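1. show me the folded form of this:
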Amino acid sequence: MNQPKTKKPEQKKNLFERNPRKPLIFTAAFFILILVVAFVMRAVYLWQVRHAPEFALLVGDAVTYDAWAGRIANGDWLGEGVFYQAPLYPYFLGVLYTLFGRDLLAVRLVQIVLGAGSCVLLARAGRSFFNRTTTGLLAGALLAVYPTAIFFDCSIQKSVLDLFFVCALLAVLGKLWERSQNRWWLVTGLVLGLLALTRENTLLFLPIVLAWLFVTWRGELWKTRLQWAGLVLLGLAAVLLPVGCRNLLVGGEFHLTTAQFGPNFYIGNSRAATGFYEPLLKGRGQAMFERDDARTLAEQATGRKLTPSEVSNYWAVKTLDEIRADVSRWLRL
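-> The predicted model follows:
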C-alpha cells in the first residue's frame, strides 16, 4: 500500500529573498540618506561661517585661482603661456563666475553639492569592493561627517575636485570589479584625466590601474585586456590632448598638463626641504610669485633665457644632484 505523500513544510524566506528588489531599495535609501546628511552638514557649516571675516578672505593658491577665473569669465579662455598650475579648478571657477558673477557663496554652494556627491561615490565604491551592506555605506557616512572634508568643500581650493574625482575613480573601478564593460574602461580614462588636471601627480595612478586590469582579469584573452587598456588610454587622451594642444598653440610647447614638475620636485625634495612648503625665495610664498621665481633663478644660474621645459628640467636635475649628494638625508625626509 502506497504511503500518502506528505507535504513538506514551506521554508520561510528572508525579507530579501521574498522580494529581490528590497536590497536595491534599501541601498538606494541609504545613498540618499548619505547625500542628504553630507549636504546638510556642509550647509550648516557654511551658514555658521558666512559672516566670519575669513569667509571672503582668499589666501595662498586661492588668490591665483580667483584672478585666473576672473580673466576666464571676462573672455580670456586660452590665457597665456604653458599652464604652470593645474587648470581645471580655475576653469571650474571661471564657469561659475560667468554664470553667477564673482559670488563666492554660490561657488561654495556648488562645491558642497560636489562634496556630498563624493560621499555617495565613496559609498558606491565600498559597496562594490567589499560588501553590499555595511562597508561602503559606513565609508560614505564617515566622509559625510568628516570635519576636514567639510572644511575644504567650503574653501576656495581645488581640494573639492581632488576628492570628487578620486571618489569617482574608485566608484568606476568598483563598477568594473563587479562586471567588466567597455564603456566603464573608457570612463576610467576620462575620470583619471580630469583628476590629473586638478592634481598632476595622480597620473601615477595610470600604471597602477593598468597593472590591476591585467592581473585581475588574467583569465581573459590578451586581446581583450589590451582592448580595455586601450579604452583607458583613449579616455585619458580625450581629456589631456586638448590641453596639450592648447599649451602648444599658446605657449609653444606640448605639455599634457603643466610645466611645473621641476620646481615642485625641488620644493619637496631639495637639500632645504622640510616636508612643508618652502618657497624658492624666502618671503615669496605666494603662488603668484613661484612661476616667475623658478624661471628667474634658473636663468640666472644658466646665464640664458629658458623655455618652460628647460626651467622644469633645470630644477629636476638640481634636485637629483642634491639627493645624490646626501641620500641618507633624503631617505629620512
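2. helix, strand, or coil at the nearest residue to Gln286 once chain neighbours are set aside?
-> Of all residues not flanking Gln286 in the chain, Val63 sits nearest, at 6.7 Å (C-beta to C-beta, 6 or more residues apart in numbering). For the C-beta atoms, the positions are set from N, CA and C on the backbone; glycine is no exception. Here Val63 is recorded as helix under DSSP: H, G, I helix; E, B strand; the rest coil.
3. from now on call the first residue 15
-> I'll keep to 15 as the first residue from here, and by that count the last item is Val77.
4. tell me the pLDDT at the spatially closest residue to Gln171 that is not a sequence neighbour?
-> What sits nearest to Gln171 in space, not counting adjacent residues and going by C-beta to C-beta, 6+ apart, is Ala76, at 6.0 Å. Predicted confidence (pLDDT) for Ala76: 90.
5. residue contacts, the residue nearest to Gln300?
-> Contacts were defined as C-beta atoms under 8 Å, 6 or more residues apart in numbering; by that measure Val77 touches Gln300, Ala301, Met302.
6. hmm, which of these are the buried ones?
-> Of the members of the contacts of Val77, none is counted as buried by neighbours, 16 or more other C-beta atoms under 10 Å.
7. the residue nearest to Gln171 against Ser173, yeah?
-> No. No contact is recorded between Ala76 and Ser173 when judged using C-beta atoms under 8 Å, the distance being 10.8 Å.
8. residue nearest the centroid of this protein?
-> The geometric centre of the chain, computed from its C-alpha atoms, lies nearest to Asp176 (C-alpha atoms, centre = their mean), at 2.9 Å.
9. how far does stretch 336-347 sit from its chain's centre?
-> Here the centre of mass of C-alpha atoms in stretch 336-347, compared against the chain's by C-alpha atoms, centre = their mean, to the nearest Å, lies 30 Å away.
10. element containing the residue nearest to the centre of the chain?
-> Using DSSP states H and E, Asp176 sits within helix 173-192.
11. list phi and psi for Val205.
-> Main-chain torsions, Val205, degrees, to the nearest 10: phi -70, psi -40.
12. for it, grab the count of nearby residues.
-> Using other C-beta atoms under 10 Å, Val205 is surrounded by 23 other residues.
13. before we move on, back to that, for the helix holding Asp176, what is the average pLDDT?
-> Average pLDDT, helix 173-192: 96.
14. pull the residues that contact it.
-> When contacts are taken as C-beta under 8 Å, 6+ apart, the neighbours of helix 173-192 outside the stretch itself are 102-103, 106, 125, 128-129, 131-133, 135-136, 138-143, 157, 163, 166-167, 195, 198-199, 201-202, 205-206, 208-209, 212-213, 216, 219, 223, 226, 230.
15. pLDDT on the helix or strand harbouring Gly140, on average?
-> For Gly140, the element it lies in under DSSP H and E is helix 118-143. When pLDDT is averaged along helix 118-143, the result is 95.
16. what packs against that helix?
-> If you count contacts as 3 or more C-beta pairs under 8 Å, 6 or more residues apart in numbering; DSSP states H and E, helix 118-143 packs onto helix 35-63, helix 102-114, helix 149-158, helix 161-167, helix 173-192.
17. Serialize these to CSV and add fields for distance to Val246.
-> Shown next, in CSV, are these (distance: least, C-beta to C-beta, whole Å):
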stretch, distance to Val246
helix 35-63, 26
helix 102-114, 19
helix 149-158, 24
helix 161-167, 28
helix 173-192, 10
